Every structure is written in C-alpha cells, then in structure tokens.
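*Asks:* Prediction below, plus the sequence it came from.
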4 protein chains.
Amino acid sequence: MKDNIIAWLEEGTITVPSLLFTEYRNLNLNEAELVLLLNIMTFVEKGNDFPTPEELSSRMTISLSECSDMLRKLIQRGLLAIIDEYSQDGIRFEKYTIKPLWERLVTQFLTSTQNVHENQKKTDET
Amino acid sequence: MKDNIIAWLEEGTITVPSLLFTEYRNLNLNEAELVLLLNIMTFVEKGNDFPTPEELSSRMTISLSECSDMLRKLIQRGLLAIIDEYSQDGIRFEKYTIKPLWERLVTQFLTSTQNVHENQKKTDET
Amino acid sequence: MKDNIIAWLEEGTITVPSLLFTEYRNLNLNEAELVLLLNIMTFVEKGNDFPTPEELSSRMTISLSECSDMLRKLIQRGLLAIIDEYSQDGIRFEKYTIKPLWERLVTQFLTSTQNVHENQKKTDET
Amino acid sequence: MKDNIIAWLEEGTITVPSLLFTEYRNLNLNEAELVLLLNIMTFVEKGNDFPTPEELSSRMTISLSECSDMLRKLIQRGLLAIIDEYSQDGIRFEKYTIKPLWERLVTQFLTSTQNVHENQKKTDET
C-alpha cells in the first residue's frame, strides 16, 4: 500500500504556467502540438533531454510520421529548439529546449497586458 | 518591470501528475480531450468551478458545438462529472470535478505497476 | 489501495518559486517565518483564507503566542497583509494575502540580476 | 522586460505535497530542518545532487557547523540518505535522496487516515 503511493509520488508532477492553456491558441498552436510540447517537458523533467519521435508518438494518438512532421514544424516556427551540449568528457549531444515557447508566451502576455491597460486608459478618458 | 513579473506570477501555475501525459492515450483520451480537461482544471484553479462550453472553446481550436459534444461524452464515459453543491445561503450550484479522471489514472497506474511486477517475477523464475 | 492514492492526491501540492528558498534570508526571514508563510499558502490553497494563530501554530513547533507575534511582525514589516473582501451577500470578511512577499522577492530578484549584469560589464571593461 | 520574466521563469518552481507542511511536526521535524530539506530539494531540482553544507548554510540563518550537524542527524534519524551512483565513465559519486522523507510522510498519512476511519466507525456505532 505504502509502496504504491511512493511509486506514484516518484512519477512526479509537471508544473506549467496557467497562461500556457489560456494562450496556446493565440500562439497558433493546436491541441496536438500543445500536448507534444508538454510531453517533451515530461521527458526532459525525467532526465531524457532528447526523446525520439518514436518515444513521443507512442504515448500520443498521432502516428510516427505525423509526430516527426510536427516536431520539424514547431522548430521551423520557432516554438521549439534543439541545442548542442557537451558532456564532461567532451562528447557532443543534442537536447530539446522549450525556451522559445516561453519567450513567445511572455511576449503574448506582455502584449495582452498592455492592450488591457490601453483600453482602460481609453475608457477612463471618455 | 516589477509589476509585470508580479502579474505573471499571479496568473499562477497548474501542476499535474506526469502520469497524465504518459497514460492519457491508455485512458482512450485524445489530445483535444486531454487539453479540454486541463482547461477545466485551469478554470477551477482560478475559482470558476463551472466554465461554460463558450469559455472553454474560446481558448481552444475546437468549435462550440464540438466542445459541448466532447464534454457530454467525457461525462458519459466517466472521465468527468458534474456535482451539486450548496452555497452558505442554501443556493444550489453545479461544478465540475475531475476526480473520475484521477480514479481512472490511478487504476491504470496500479494495473501497469502490477504487470511490471508479474513480468519481473516470470523473468526471475526462468 | 486505490482509495489511498486518491486520498493522497486530493491532499494536493504546493508550488512555490525556487527563488523563495534561495532568497528568504536576503529578505530577512528566518526559517520559522518562512514556514509560517508557507503554511498560510497551504491553508489558502485549501480554501481557508484566514487561518487563525491556533490553526497555524498547532502544526508548527512554535507556541500560540509566538505565532501571533510572528504574524504581527510579518505584517508590520510588509511581508504579509490582511485584506478586506465582501461576500456575494455583502458580508465583510478578512483574508491573508502574500502578495507583499512576492513583491519583495521580485524586487530582490531584479536587484541581484542587475548586480550580476553590472559586475559582468565591469569585468568585460577591464 | 521580457528577459526579466524569462529569467524569473527559468529559476523554476518547487512542488511539494501539501501534507509536508501539515505533518512535518508529527515527523519530529522543526522548521529549520524542514527548510534544510526543502533547500536540498531545490538544489537537486537544479541539477546539484550533493550540495555542500557551505552551499546550504549560506542561504539559511544557521551556521555552517549547525548545518553539518543537522544533516548528520537527519541521516541518523532516517529522514535523509546519501546514495552512491556511477557516472557513464564509471566514476562513483554521492547524491542526496529525500525518498526516506516521503516514506515517513506516506506512513504518517496512512496512519492518520486509518485513525480517522476507525474514529468514524466508533462514532457510527454509538
């Protein structure tokens, strides 16, 4: 009984800004792309920095080729990036970074915050 | 500058078990259904316990009628429920609960954990 | 077995910026004060917006009078605030807000970020 | 402006079970010990699996020797452990694990859940 709760706990949690769910549509992401990005975050969190399209598509309802396609387009559109890193013994490896997604989300957030302020100003002036 | 970070912080975060992303496909959920459930969690977290199909679909890439349809089917399939509550002054109101989703996820987790153990046992015995 | 995991899950989680643990000392908070603030967050998260000193001290290793004292000093020092709200039927009630803590933390973060940049500039210039 | 929010976001968050704050006293932890454990989690989350007493005490209000002492006692009392791991090139390194803390927390949770059930049963029988 105890072991099951421990095992559950060890699977861990994913914490994302609520704004990701409020704004993904405004970032021109659809639900499959959003979940693909969330799955990448889950793999990274567990220590797998560069999950393959096989690993990603196997837990999704999209096919392997749709998954590869989606990854390529997310990178092209600047919502996902692959960066090079070097291990302690100098071996180069690739990893995903979702920093571009956060940058777009922050830009979107700042734009909409500013719009709200400007609209309030206009209302106050009338 | 400071106010923007505060505003960002106040938007809050959503924390979900990583297993939701690993297992949603095994719960027969597709990506749009998963994101719909995540959006309900986000609304509930912000104090709106019963978001309308309009509120939900407006931030998604699905139409209003697709959203209503999806909500009805999630309830029929026992992955989402509506419960009645009473306010302090005795007024009845409805709210969503995603407890059925967690119950299914836990059942799925216990089943797969047990399968792993049984397979290990078989391997050990050979 | 399943019910225990569900019960565990329903107890929920608390998510705080890692910076709170890195910087609380620089905000002149000691460990007991930090945990008191974390306990207030936990109560608020569970729907109790104004836990009493009794409720707070009963789960801590400090006495009731120490707890009351600590709360008063945190408010005086501008790290915690009590705000008035009105229920739908116009009844006034009080609640804690830890917004002042986040404001101090953000200020501290921006100051230290700026210092790092200035030091880097100085190093670059030499 | 945008960069500051990104920098804030990159500092990350720490998510812990709410029960840790409700129950730490029942695990015979005081506030300084709890925060020490939370600080270890924060370091581990950031990729530093074995922070030194210097690193830990420098962000706390306790001295270096108090910190070393506290770490030793937490290990003796079975609330923290050091485990050996091997890097890909076979080099042994040590890391902290807070799994013992979660085990104690789960045991405490199961005990108190059971007590509640038994008390309810007694009440129902009268």
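*Replies:* That came through fine. Residues are numbered from 1 along each chain as shown, chains lettered A, B, ... in the order given.
*Asks:* contacts, neighbours, all on C-alpha from now
*Replies:* Fine.
*Asks:* What strand or helix carries residue A:73?
*Replies:* Element membership of residue A:73, judged by DSSP states H and E, is helix A:64-76.
*Asks:* Which positions in that helix come out as buried?
*Replies:* A:64, A:67, A:68, A:70, A:71, A:74 (16 or more other C-alpha atoms under 10 Å in any protein chain shown).
*Asks:* For the residues you listed, could you give me a markdown table that also reports pLDDT and distance to residue C:101?
*Replies:* Below are the buried residues of helix A:64-76 laid out as a markdown table (pLDDT from 0 to 100; distance: C-alpha to C-alpha, whole Å):
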| residue | pLDDT | distance to residue C:101 |
| --- | --- | --- |
| A:64 | 98 | 47 |
| A:67 | 98 | 43 |
| A:68 | 98 | 44 |
| A:70 | 98 | 41 |
| A:71 | 98 | 40 |
| A:74 | 98 | 37 |
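*Asks:* which one of those is nearest chain D?
*Replies:* residue A:74 (19.7 Å; C-alpha to the nearest C-alpha).
*Asks:* Which residues lie in contact with that closest one in this structure?
*Replies:* Counting by C-alpha atoms under 8 Å, 6 or more residues apart in numbering or on different chains, residue A:74 makes contact with A:33, A:80.
*Asks:* let's see it at 7 Å
*Replies:* Counting by C-alpha atoms under 7 Å, 6 or more residues apart in numbering or on different chains, residue A:74 touches residue A:80.
*Asks:* swap in residue A:6?
*Replies:* Contacts of residue A:6 (C-alpha under 7 Å, 6+ apart): residue D:103.
*Asks:* where exactly do the strands run in chain A?
*Replies:* A:13-17, A:81-86, A:92-97 (DSSP state E).
*Asks:* middle-most residue in chain A, spatially?
*Replies:* Central residue of chain A (C-alpha atoms, centre = their mean): residue A:37, 3.7 Å from the mean position.
*Asks:* Please state the backbone phi and psi of the residue nearest to that residue when sequence neighbours are not counted?
*Replies:* Closest residue to residue A:37 apart from its sequence neighbours, by C-alpha to C-alpha, 6 or more residues apart in numbering or on different chains: residue A:98 at 7.7 Å. With angles defined as degrees, to the nearest 10, residue A:98 sits at phi -100, psi 20.
*Asks:* pLDDT at residue A:98, what is it?
*Replies:* As predicted, residue A:98 sits at a pLDDT of 95.
*Asks:* Please report how far residue A:66 lies from residue A:72.
*Replies:* Distance of residue A:66 to residue A:72, computed by C-alpha to C-alpha, to the nearest Å: 10 Å.
*Asks:* Who are the contact partners of residue A:117?
*Replies:* Per C-alpha under 7 Å, 6+ apart, neighbours of residue A:117: none.
*Asks:* Look at it and report its pLDDT.
*Replies:* pLDDT at residue A:117 comes out at 71.
*Asks:* Quick check: it vs residue A:24, distance?
*Replies:* Noted for residue A:117: a distance of 22 Å to residue A:24, by C-alpha to C-alpha.
*Asks:* Kindly report the residues of chain A close to chain D.
*Replies:* By C-alpha under 7 Å from any C-alpha of the partner chain, the part of chain A that sits against chain D consists of A:2, A:6, A:103, A:106, A:107.
*Asks:* ok, now with 10 Å
*Replies:* A:1-3, A:5-6, A:9-10, A:12-17, A:45, A:88-89, A:99, A:102-107, A:109-110 (C-alpha under 10 Å from any C-alpha of the partner chain).
*Asks:* any idea how far residue A:114 is from the residue nearest to the centre of chain A?
*Replies:* Counting by C-alpha to C-alpha, the gap from residue A:37 to residue A:114 is 27 Å.
*Asks:* Around residue A:22, how many other residues sit close by?
*Replies:* Residues lying near residue A:22 (other C-alpha atoms under 10 Å in any protein chain shown) number 17.
*Asks:* same thing with the one 5 residues further on?
*Replies:* Applying other C-alpha under 10 Å, we find 13 residues neighbouring residue A:27.
*Asks:* now do residue A:24
*Replies:* Residue A:24 has 21 nearby residues by other C-alpha under 10 Å.
*Asks:* and the gap between it and chain D?
*Replies:* As for residue A:24, its distance to chain D is 17 Å (criterion: C-alpha to the nearest C-alpha, to the nearest Å).
*Asks:* and that residue, what does it touch?
*Replies:* A:30, A:31, A:33, A:34, A:101, A:104, A:105, A:108, B:59, B:60, B:61 (C-alpha atoms under 10 Å, 6 or more residues apart in numbering or on different chains).
*Asks:* at 6 Å instead, please
*Replies:* For residue A:24, the contact set (C-alpha atoms under 6 Å, 6 or more residues apart in numbering or on different chains) is empty.
*Asks:* before we move on, what about residue A:66?
*Replies:* Contacts of residue A:66 (C-alpha under 6 Å, 6+ apart): none.
*Asks:* Can you give me the distance of it to residue C:82?
*Replies:* 53 Å.
*Asks:* what sits up against stretch A:83-91?
*Replies:* Counting by C-alpha under 6 Å, 6+ apart, A:92, A:93, A:94, A:95 sit against stretch A:83-91.
*Asks:* Now do the third one against residue A:48, distance only.
*Replies:* Distance, residue A:94 to residue A:48, using C-alpha to C-alpha: 11 Å.
*Asks:* Least confident secondary structure element in chain A?
*Replies:* helix A:99-125 (a mean of 84; mean pLDDT, DSSP states H and E).
*Asks:* Which positions in it come out as buried?
*Replies:* Under 16+ other C-alpha under 10 Å, the buried positions of helix A:99-125 are A:99, A:101, A:102, A:103, A:104, A:105, A:106, A:107, A:108, A:109, A:110.
*Asks:* Same question for stretch A:36-55.
*Replies:* Counting neighbours by 16+ other C-alpha under 10 Å, the buried set in stretch A:36-55 is A:36-44, A:49-51, A:53.
*Asks:* model confidence over it, on average?
*Replies:* Averaging pLDDT along stretch A:36-55 gives 96.
*Asks:* which outside residues touch it?
*Replies:* Stretch A:36-55 is contacted by residues A:67, A:68, A:95, A:96 when judged by C-alpha under 6 Å, 6+ apart.
*Asks:* try 8 Å this time
*Replies:* A:14, A:56, A:60, A:64, A:67-68, A:94-96, A:98, B:18, B:21-22.
*Asks:* Could you pick out the residues of chain A near chain C for me?
*Replies:* A:1, A:4, A:5, A:8, A:15 (C-alpha under 8 Å from any C-alpha of the partner chain).
*Asks:* Just the buried residues from those, in PyMOL please.
*Replies:* Buried subset of those, written as a PyMOL selection, criterion 16+ other C-alpha under 10 Å:
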select buried, chain A and resi 4+5+8+15
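*Asks:* Look up how far residue B:93 lies from residue A:78.
*Replies:* On the measure of C-alpha to C-alpha, residue A:78 and residue B:93 end up 44 Å apart.
*Asks:* go on, residue A:115?
*Replies:* 34 Å.
*Asks:* Likewise for residue A:45?
*Replies:* 39 Å.
*Asks:* With residue A:55 instead?
*Replies:* Distance from residue A:55 to residue B:93, by C-alpha to C-alpha: 43 Å.
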